[in-house]
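> what would the 3D arrangement of this be:
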Amino acid sequence: MTDMTNIDAISADQKLKEAYFTASQGQLIWQRFKKNKSALIGAWVLIILILSGIFAPFLTPYDATISGRDKEYLNGAPQIPSFCDDNGCSLRPFVYTTERTRSVKTNFRWVTETNTTLEGRRYVEFFTEGSSYKFLGMTFNTHLFGVDKGMIHIFGTDSTGKDIYSRTLTAINTSMAVGTIGVFIAFVLALAIGGIAGYYGGWIDSGLQMITDTVRTIPSIPLFMALAAFIPDTWSAEARFFFISMVLGLIGWPTLARRIRTHLLTERNQEYVLAAQLCGATPAHIIRRHLLPSFTSYIIVDLVISFPYMVLSETALSFIGLGLKDPVNSLGVMLQNVTSADVLLNYQWYFIPVIFFIVLVLAFVFVGDGLRDAADPYSDSSK
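Predicted structure coming up:
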């Protein structure tokens, strides 16, 4: 019986070794990546945030720009649904009705009063009908949650009565869209310039490296200030959005291009490249089908790591007033609201989007580090 157990263990071990040696590069990277718990958690957090941004119109109760304004709840604190109060308990969660009033006691200043009676309850409902939105070319008006009367603001409101929860999820989608467009532009330029420079070498490589070094040495802050002065105030929010995305992409390609160029310089003299040349393959075919695939894992890792820097760049530009502006909702635009001392002292819920921003960047960093270690066959995670 013991011999049979040993034989089964040896057979299972042989199958594992066979599966390891026959696995593709992607399968090996995935197996190493799963061993990194922090990277795996970061990946799940990143997926949740990205899906929250994509489905923001459904997950949020109100329009993040105009339709969700609550004139009766300006600079309102977060409304946390509860089941019980002094009037008893309810099976349905509820928030309280609020009303803005002026009185002699407050020197005729606006004051938000809360009605905590049974009549003042607003019961939370799911799959409610509200403002219409478009998704995949179709128009919907169903939202995940709402209240039977009035409005609900689980993250509070800003000075204009906009729902911060709706703005936060929409801002994540906008910042991710800017980062995606910027990374895509940088990716295409890096593959083209780095691939040509690394494959041909010689004077072509020297000329392209001069261009790469020139772009790398351009100071970013003066460039952004000059571009901000160039952008007319009459530009629409969409035009400003695509312009910022293109600028971030056009200055973000040199690092990846140099890595691709270095890899191709070492690989272009290998025997499989010579065999492809003798078979009559064109340079474009060799670069696309033979040289770049050998560097695919590192390209993917570089792209993932580039995302947080693109998001940080967009946030920084919008934060200092050189990027996106209202009515566009982005993380940078929302961070502009937390710069005053009044917000720090009285309206701390304005910092909720900051938490989402930090979590988003950290998730990208953990996933990027995990992919980098998984793609490196000499790292400790591959053992």
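
> how far off centre is whichever helix in the chain runs longest?
Secondary structure of the chain per DSSP state H: the longest helix is helix 164-200. The chain centroid and the centroid of helix 164-200 are separated by 10 Å, computed with C-alpha atoms, centre = their mean, to the nearest Å.

> what's the answer for stretch 68-88, then?
Distance of stretch 68-88 from its chain centroid, counting by C-alpha atoms, centre = their mean, is 30 Å.

> so for it, what gets flagged as buried?
Going by neighbour count (16 or more other C-beta atoms under 10 Å), the buried part of stretch 68-88 is 68-70, 72-77, 79. For every residue, glycine as well, the C-beta is placed using N, CA and C.

> after the worst-scoring helix or strand of the chain on mean pLDDT comes which helix or strand?
Counting by mean pLDDT, DSSP states H and E, the weakest-scoring helix or strand in the chain turns out to be helix 2-22, with a mean of 56. Next in sequence after helix 2-22, counting helices and strands by DSSP states H and E, comes helix 25-34.

> what is whichever helix or strand comes after that following helix packed up against?
Next along the chain after helix 25-34, taking DSSP H and E as the criterion, comes helix 37-54. For helix 37-54, the packing partners by 3 or more C-beta pairs under 8 Å, 6 or more residues apart in numbering; DSSP states H and E come out as helix 25-34, helix 164-200, helix 352-375.

> what angle do the longest one and helix 37-54 make?
Here helix 164-200 runs at 120 degrees with respect to helix 37-54, directions being taken by axes from the mean of the first three to the mean of the last three C-alpha atoms, to 10 degrees.

> next secondary structure after helix 164-200?
According to DSSP H and E, the helix or strand after helix 164-200 is helix 202-217.

> quick check: buried residues in the helix or strand immediately after that following helix in the chain?
Downstream of helix 202-217, the first helix or strand assigned by DSSP H and E is helix 220-230. Of the residues in helix 220-230, residue 224 count as buried by neighbour count, 16+ other C-beta under 10 Å.

> which one is residue 369 nearest to, not counting chain neighbours?
Distances taken as C-beta to C-beta, 6 or more residues apart in numbering place residue 39 nearest to residue 369, at 6.5 Å, with adjacent residues excluded.

> pLDDT wise, what is that neighbour at?
Looking at residue 39, its pLDDT is 88.

> tell me how many other residues crowd it.
23 (other C-beta atoms under 10 Å).

> just to revisit the earlier point, please identify the deepest-packed of the helices and strands packed on helix 37-54.
Here the criterion is mean neighbour count by mean count of other C-beta atoms under 10 Å, and of the helices and strands packed on helix 37-54 the winner is helix 164-200, at a mean of 23.

> next, the angle from it to helix 352-375.
Going by the same axes, to 10 degrees, helix 164-200 makes 30 degrees with helix 352-375.

> and the angle from the longest helix of the chain to helix 202-217?
150 degrees.

> what's stretch 362-369 in contact with?
Stretch 362-369 is contacted from outside by 36, 38-39, 41-43, 45-46, 49, 301, 304-305, 307-308, 311, using C-beta atoms under 8 Å, 6 or more residues apart in numbering.

> which of those count as buried?
36, 39, 42-43, 45-46, 49, 301, 304-305, 307-308, 311.

> now, among those, which is nearest to residue 183?
Nearest to residue 183 out of the buried ones among the contacts of stretch 362-369 is residue 307 (C-beta to C-beta; 6.0 Å).

> does the closest one count as helix, strand or coil?
Assigned by DSSP: H, G, I helix; E, B strand; the rest coil, the conformation of residue 307 is helix.

> so it makes contact with residue 183?
Yes. In this structure, residue 307 is within contact of residue 183 by C-beta atoms under 8 Å, at 6.0 Å.

> what helix or strand is residue 78 on?
Using DSSP H and E, no helix or strand contains residue 78.

> what about the nearest residue to it once chain neighbours are set aside, how many neighbours?
Spatial nearest neighbour of residue 78, excluding adjacent residues (C-beta to C-beta, 6+ apart): residue 156 at 4.4 Å. Neighbours of residue 156 under the rule other C-beta under 10 Å: 19.
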